[in-house]
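> any chance you can model this:
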Amino acid sequence: MAEFFSFIGENISQFIHFTAFANFTVGHLIMICFGLLFIYLAIAKEFEPMLLVPIGFGILIGNIAFAPGFEIGIYEEGSVLNYLYFGVRYGVYPPLIFLGIGAMTDFSALISNPKLMLVGAAAQLGIFGAYCLALALGFTPNEAGAIGIIGGADGPTAIFLTSKLSPDLLGAIAISAYSYMAMVPVIQPPIMRLLTSKKERTIRMKPPRVVSKKEKIIFAIAGMIFTTSIVPSAIPLLGMLFFGNLLKESGVTRRLADTAKGPMIDIVTILIGLTVGASTQATTFLTWKSVGIFFLGALSFAIATFGGVIFVKIFNLFLKEGNKINPLIGNAGVSAVPHSARVSQVVGLEYDRTNHLLMHAMGPNVAGVIGSAVAAGILLSFLS
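Okay, the predicted model is just below:
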């Protein structure tokens with residue numbers, strides 16, 4: 001009888017040892033609070049719910065404390081989460097996201113006013129500015145490159161580049177990139193107001209011309225050839241982006257385009273959000289380096305917004321009256337499509353209720369998608 005109770009006692013003790021309560025730390029509590037905050041912002045404030053709900057719930061999953069050795073955690077070989085994380089770790093998911101983005105993107109605003117491509121390029125200042133700052137703060141060149149890409153406000157591009165340059169920072173950089181994408185309506189407007197005058201905010205732009213189907217098809221093919229010839233290392237992203245756009249604009253592959261921009265991108269978004277969130281295990285994620293990455297990410301995003309708006313102001317000095325660009329669309333050069341373009345529209349309407357900037361802002365916005373992928377390719381080419 002004594003042996004029986006001893007056996008039962010050992011079993012109970014072992015069971016308690018393997019529960020989350022026995023392995024729980026303050027770090028796990030902190031990360032769970034972050035997960036709950038993400039879910040709250042997504043549901044109550046509607047900040048990027050398609051991203052923040054999966055990421056927030058993934059953070060909760062990743063920070064249920066467990067004893068190692070049972071193939072549970074995302075970093076344990078053989079676990080289900082580890083298999084799902086494969087697409088993040090090896091950059092499989094980002095090109096699939098770009099395929100869906102291409103299938104839902106209309107490049108008409110950019111094609112009708114090609115000079116807006118320069119605005120999208122100027123906003124990439126945030127990427128290279130943060131890269132230099134990270135180097136100055138002691139990060140390695142590869143780490144600095146991965147941190148800098150946060151300034152593009154493009155989660156898939158950030159994941160793709162970080163998986164190649166600095167995989168150990170993947171969780172922190174992915175969370176930073178998606179967090180700042182969600183915070184576009186909060187971060188950008190104060191910078192836009194600070195850098196522009198009331199007169200500049202009310203500049204009216206000419207309506208974009210109608211773009212033909214043939215122009216859109218040529219743009220998808222020529223855009224792919226031109227950009228990937230400059231940065232072949234960005235082929236996985238840019239190739240899929242323009243391929244998805246060709247599926248949409250050709251008019252003969254509607255089912256493929258609908259699949260790419262619908263079920264496929266939804267599935268990949270769920271997987272990428274959940275696994276990125278789960279990768280934030282407190283034992284590996286909660287470090288001072290992660291805090292530094294969050295700080296530099298915010299700075300890079302602010303620099304990108306600054307670069308886009310200031311570039312338009314300077315560019316306007318060389319444009320005739322009637323052809324000037326409203327600097328409020330400069331913020332849309334970051335590739336958070338279409339959220340930064342909506343910010344241009346909202347801020348513009350505050351100063352002129354009849355001045356609609358959304359279609360104009362979509363030009364630099366989609367240019368920013370291309371620009372961030374090109375910037376990633378440039379960084380990858382000289383850092384890898």
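
> so what's residue 145 up against?
131, 161, 165, 166, 379, 380, 383 (CB atoms under 8 Å, 6 or more residues apart in numbering). For every residue, glycine as well, the C-beta is placed using N, CA and C.

> excluding its backbone neighbours, what's nearest the fifth one?
What that stands for is residue 379. Closest residue to residue 379 apart from its sequence neighbours, by CB to CB, 6 or more residues apart in numbering: residue 145 at 4.2 Å.

> picking that back up, inside helices: which ones of the contacts of residue 145?
131, 161, 165, 379, 380, 383 (DSSP state H).

> identify the residues contacting the helix or strand residue 52 falls within?
Per DSSP states H and E, residue 52 falls inside helix 49-62. Applying CB under 8 Å, 6+ apart, the set of residues contacting helix 49-62 from outside is 31-32, 34-39, 41-43, 73-74, 81, 155, 175, 178, 181-182, 269-270, 272-281.

> go again with 6 Å.
31-32, 34-35, 38-39, 41-42, 178, 182, 270, 273-274, 276-278, 280-281 (CB atoms under 6 Å, 6 or more residues apart in numbering).

> what does stretch 160-175 give?
Under CB under 6 Å, 6+ apart, the answer for stretch 160-175 is 89, 91, 94, 142-143, 145-146, 149, 158-159, 276, 279-280, 285, 290, 293, 376, 380, 383-384.

> and the residues you listed, which are buried?
Using 16 or more other CB atoms under 10 Å as the burial test, these include 89, 91, 94, 142-143, 145-146, 149, 158-159, 276, 279-280, 285, 290, 293, 376, 380, 383 as buried.

> for the helix holding residue 52, buried residues please.
Neighbour count says helix 49-62 has 49, 51-62 buried, by 16+ other CB under 10 Å.

> just put these in TSV and tack on distance to residue 343 and pLDDT.
Shown next, in TSV, are the buried residues of helix 49-62 (distance: CB to CB, whole Å; pLDDT from 0 to 100):
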residue	distance to residue 343	pLDDT
49	17	90
51	17	86
52	17	90
53	22	95
54	23	94
55	21	93
56	23	94
57	27	96
58	27	94
59	26	94
60	30	95
61	32	93
62	31	90
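
> between those residues, which is closest to residue 217?
Comparing these against residue 217 with CB to CB picks out residue 51 as the nearest, at 30.9 Å.

> residue 191: what's it in contact with?
Applying CB under 6 Å, 6+ apart, the residues contacting residue 191 are residue 305.

> what are the buried residues along the helix or strand where it lies?
Using DSSP H and E, residue 191 maps to helix 184-195. Residues of helix 184-195 classed as buried by neighbour count (16+ other CB under 10 Å): 184, 185, 187, 188, 189, 191, 192, 193, 195.

> that older thread, what subset of the contacts of helix 49-62 is buried?
Using 16+ other CB under 10 Å, the buried members of those are 31-32, 34-35, 38-39, 41-42, 178, 182, 273-274, 276-278, 280-281.

> what segments of the stretch 201-350 of the chain are helices?
213-230, 235-250, 254-259, 265-278, 282-285, 288-316, 339-351 (DSSP state H, counting those that start in this stretch).

> what are the ranges of the helices in the stretch 1-150 of the chain?
2-17, 20-23, 26-44, 49-62, 80-89, 93-104, 108-112, 116-122, 125-136, 141-148.
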